[in-house]
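In: Mind looking at a prediction? Sequence and model below.
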Amino acid sequence: MKTLVPLLLFVFSWTNMIAQFTVTGKVSEASNQPLVGVNIAEEGTTRGTISALDGTFSLSVSSPDATLILSYIGYQELREAVNGRSTINLTMSEGVTLGEIKVVGSRSLNRSSTNSAVPIDVIDLTELQSRSGQVEINQILQYAAPSFNASKQSGSDGADHIDPATLRGLGPDQTLVLINGKRRHQSSLINVFGTRGRGNTGTDLNAIPVSAIKRIEVLRDGASAQYGSDAIAGVINIVLQDHVGELSGNVSYGMYNTNANGDFADGTPNAAGENRLYDQDRALDGNTLRVAANYGLPIGSAGGFANISTEVINKDRTLRPGADFRRGYGEAALDGFNFMINSAIPIGKQTEFYAFGGRNFRNTDAYAFTRNNPTARNILSIYPDGFTPRITSNITDVSASTGVRHNLNNGWNVDFNNTFGRNDFHYFIKNTLNASLEDASPTDFDAGGHSLSQNTTGLDFSKYFGNILAGANSAFGAEYRTENFIIFPVKKAPTPPMMWTARPSSAPTRPSRWIP
């Protein structure tokens, strides 16, 4: 028996070697230029390889009757049967869909991702949002776009509520964000607490509902010569949905399993005013629910439309404490409502009026650093076991852009537009105190906030010359932009709808097991 087992293994290995069939070849495009990095796989198996710098490849397939599947960004998928051939040279064709996509922010009518001089990523969110499991644009792009980085913060004041995002490792304020080719306003938050992009302020991408987005175009190279100094890291252009007669919806739910051991005070007092202990073992947190809908309405008989998107997000906080002074470490809780509309109405054979914009409201709740005893910042009669403050906020983001496009008879295109945006950030501190007031100190405070408004008026002219060289585009224009930043003191905040009212400090915010 001891001799039979090695013999069987030898026979199996030898049979497997005989069954395999090696295919070599070269992959080129229509102009006979080699394609580098083409994905080559055998259908129905996990066998695969990629083409080398000169387009050559070598792949061992299971049999001479195998089928090869070739895929490459910007090119149509190619299926080729081996049919016993050991050498196969293949030619891939450019993808029709990708070739027709234009970067609308460039003012060029013939700019596509397959023939541009700089790298452009065209990201279709239709399927990506369902596959990624993420509910916010920053997190979707984190997994889909090279060189894009956005990480959740904790204990970082305002950065807990608005994620700072960067391209190519540069500051958030060095990435220009466009909506339908028009400049998007920035957030009023300046990152100052040791977070990513410290000293910068960037655009809050999460204020845009995912259901409203048709695709995202990411220019991963400096474009300051064309767009200005805020495009040093690159440009992100978000193209909104424009279809009509179609209703689409999405409901997603997810959660985290911490699998962490440790008993920590979560900063929420019980009925006796004492901090309850939260047992992390076997706890589920970060419960996230997203409900979204999109519908397009036709307007008139000349091709006008109004595409409407809405989105509701409810996300509980996560709890990941690693030290006694950070008992409340974790991702912030969030209640949010998004609304956005994109519309265009022809007002003549060569003239079109367009308008788009929306409103975003978020109620967020994040942990700060724990105040343990003994400390001069605590009043024992209020928090005998110390406390973990919570920074909550009401964030309101509104935007509106309107304009008129006109095609002149001589081939020139004129675009006159005005875009307004405003971001309000209002802080509320809960489960805290002012030690200088001693026993009379309240435990909730209105901490004021900040606001940024931006208005941009532009007039653009562009024309494409197809008979010059291989095609040339000429564009010029003027833009006038005003910005107003204010820091406001304590004031009476507008009362949000009841469904968005901040959670009471005494209510648990996640499934948990409490230790008395």
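Out: All right, it came through fine. Fair warning: this is a prediction, and the values are worked out from it, not measured in the lab.
In: helices and strands of this protein: which one has the lowest mean pLDDT?
Out: Sorted by mean pLDDT, DSSP states H and E, the helices and strands of the chain end with strand 514-515, the least confident at a mean of 28.
In: How many residues are close by residue 26?
Out: Here the neighbour count serves as a burial measure; for residue 26 (other CB atoms under 10 Å) it reads 18. Every C-beta, even on glycine, is put in place using the N, C-alpha and C of the backbone.
In: tell me the contacts of residue 392?
Out: Contacts were defined as CB atoms under 8 Å, 6 or more residues apart in numbering; by that measure residue 392 touches 363, 364, 365, 366, 427, 428, 429, 430, 502.
In: biggest separation within those, which pair?
Out: 363 and 429 (14.4 Å; CB to CB).
In: Give the partner strands of the longest strand along the chain in its sheet and their orientations.
Out: Longest strand in the chain by number of residues (criterion: DSSP state E): strand 445-465. Note on strand 445-465: by DSSP bridges, its sheet partners are strand 413-430 (antiparallel), strand 472-488 (antiparallel).
In: Nearest approach to residue 335 belongs to which of these?
Out: Shortest distance between residue 335 and the strands paired with strand 445-465, using CB to CB, is found for strand 413-430: 13.6 Å.
In: Output the closest one as CSV - backbone C-alpha positions only.
Out: Presented in CSV, the C-alpha positions along strand 413-430 are these (Å, rounded to 0.1, in the frame of the first residue of the first chain):
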residue,chain,number,x,y,z
ASN,A,413,-20.4,76.6,-29.4
VAL,A,414,-21.3,79.2,-26.7
ASP,A,415,-22.1,78.3,-23.1
PHE,A,416,-23.2,81.0,-20.6
ASN,A,417,-23.8,79.7,-17.1
ASN,A,418,-24.0,80.5,-13.4
THR,A,419,-23.3,78.1,-10.5
PHE,A,420,-24.0,78.7,-6.8
GLY,A,421,-23.1,76.4,-3.9
ARG,A,422,-23.3,76.7,-0.1
ASN,A,423,-22.1,74.5,2.7
ASP,A,424,-23.2,75.0,6.3
PHE,A,425,-21.5,73.1,9.2
HIS,A,426,-23.1,73.5,12.6
TYR,A,427,-21.5,71.8,15.7
PHE,A,428,-23.3,70.4,18.8
ILE,A,429,-21.3,68.9,21.7
LYS,A,430,-23.1,66.2,23.8
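In: Now do the buried residues in it.
Out: Buried residues in strand 413-430, defined by neighbour count with 16 or more other CB atoms under 10 Å: 413-415, 417, 419-430.
In: rewinding a little: tell me how far the longest strand of the chain is from the chain's mean position?
Out: Using CA atoms, centre = their mean, to the nearest Å, the distance from the centre of strand 445-465 to the centre of the chain it belongs to is 20 Å.
In: That strand: which residues count as buried?
Out: When neighbours are counted by 16+ other CB under 10 Å, the buried residues of strand 445-465 are found to be 445, 449-454, 456, 458, 460, 462-464.
In: How about stretch 138-156?
Out: So for stretch 138-156, counting by 16+ other CB under 10 Å, buried means 138-142, 144-145, 147-150, 152-156.
In: which residues are in contact with it?
Out: Contacts of stretch 138-156 with the rest of the structure, by CB under 8 Å, 6+ apart, involve 121, 123, 125, 128-129, 132, 134, 159-160, 163-169, 191, 193-196, 205-206, 210, 216, 218, 220, 234, 320, 326, 328-332, 366-369.
In: same check, this time on stretch 308-318
Out: Surrounding stretch 308-318, the residues in contact under the criterion CB under 8 Å, 6+ apart are 135-136, 209-212, 241, 256, 258, 285-297, 330-341, 358, 365-367, 509-510.
In: Sketch out the low-pLDDT regions of the chain for me.
Out: Applying pLDDT under 70 to the chain picks out residues 1-19, 95-119, 126-133, 193-194, 197, 258-283, 322, 491-516.
In: Residue 472 against residue 465, yeah?
Out: Yes. Between residue 472 and residue 465 there is a contact under CB atoms under 8 Å: 4.8 Å.
In: Give the residues shared as contacts by those two.
Out: None of the residues lies in contact with both residue 472 and residue 465 under the rule CB under 8 Å, 6+ apart.
In: In space, what's closest to residue 443 - neighbours in sequence excluded?
Out: Beyond its immediate neighbours in the sequence, the residue positioned closest to residue 443 (CB to CB, 6 or more residues apart in numbering) is residue 433, lying 5.7 Å away.
In: check contacts around that neighbour.
Out: 378, 379, 382, 383, 387, 441, 442, 443.
In: Need those residues in JSON lines (columns: distance to residue 484, neighbour count and secondary structure).
Out: Conversion of the contacts of residue 433 to JSON lines gives the following (distance: CB to CB, whole Å; neighbours: other CB atoms under 10 Å; DSSP: H, G, I helix; E, B strand; the rest coil):
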{"residue": "378", "distance to residue 484": "39", "neighbour count": "19", "secondary structure": "coil"}
{"residue": "379", "distance to residue 484": "40", "neighbour count": "18", "secondary structure": "coil"}
{"residue": "382", "distance to residue 484": "40", "neighbour count": "18", "secondary structure": "coil"}
{"residue": "383", "distance to residue 484": "40", "neighbour count": "23", "secondary structure": "coil"}
{"residue": "387", "distance to residue 484": "37", "neighbour count": "27", "secondary structure": "strand"}
{"residue": "441", "distance to residue 484": "35", "neighbour count": "15", "secondary structure": "coil"}
{"residue": "442", "distance to residue 484": "32", "neighbour count": "11", "secondary structure": "coil"}
{"residue": "443", "distance to residue 484": "34", "neighbour count": "17", "secondary structure": "coil"}
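In: Just send those back as CSV, with distance to residue 405 too.
Out: As requested, those are arranged in CSV below (distance: CB to CB, whole Å):
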residue, distance to residue 405
378, 61
379, 63
382, 61
383, 61
387, 57
441, 59
442, 55
443, 55
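In: Quickly check these for the two that are furthest apart.
Out: Greatest spacing in the contacts of residue 433, by CB to CB: 378 and 442 (14.6 Å).
In: any idea how this structure splits into domains?
Out: Taking automatic domain parsing as the domain assignment, the record places the domains of the chain at 16-94, 97-240.
In: For those domains, state which one has the densest average packing.
Out: Most buried of the domains of the chain, by mean neighbour count (mean count of other CB atoms under 10 Å): domain 97-240, with a mean of 20.
In: from the chain's centre, how far out does that one sit?
Out: 7 Å.
In: all helices for the protein, in order.
Out: With DSSP state H applied, the chain shows helices at 4-19, 96-99, 125-132, 137-144, 224-227, listed in chain order.
In: out of everything not next to it in sequence, what's closest to residue 257?
Out: In this structure, residue 257 finds its nearest non-sequential neighbour in residue 284, 5.8 Å apart by CB to CB, 6+ apart.
In: what separates that neighbour from residue 420, distance-wise?
Out: From residue 284 across to residue 420, the span is 42 Å (CB to CB, to the nearest Å).
In: Kindly report the same for residue 152.
Out: Summarising the geometry, the distance separating residue 152 from residue 420, computed by CB to CB, is 30 Å.
In: what about residue 411, neighbour count?
Out: Here the neighbour count serves as a burial measure; for residue 411 (other CB under 10 Å) it reads 11.
In: and the nearest residue to residue 483 once chain neighbours are set aside, what are its bridge partners?
Out: Distance criterion CB to CB, 6+ apart; nearest residue to residue 483, sequence neighbours excluded, is residue 454 at 4.8 Å. Residue 454 has these beta-bridge partners by DSSP bridges: residue 421, residue 483.
In: Residue 185 is in contact with residue 454, correct?
Out: Yes. With contact defined as CB under 8 Å, residue 454 counts as touching residue 185 (4.0 Å).
In: can you list residues touching both of these two?
Out: Common neighbours of residue 454 and residue 185 are listed as 420, 421, 422 (criterion: CB under 8 Å, 6+ apart).
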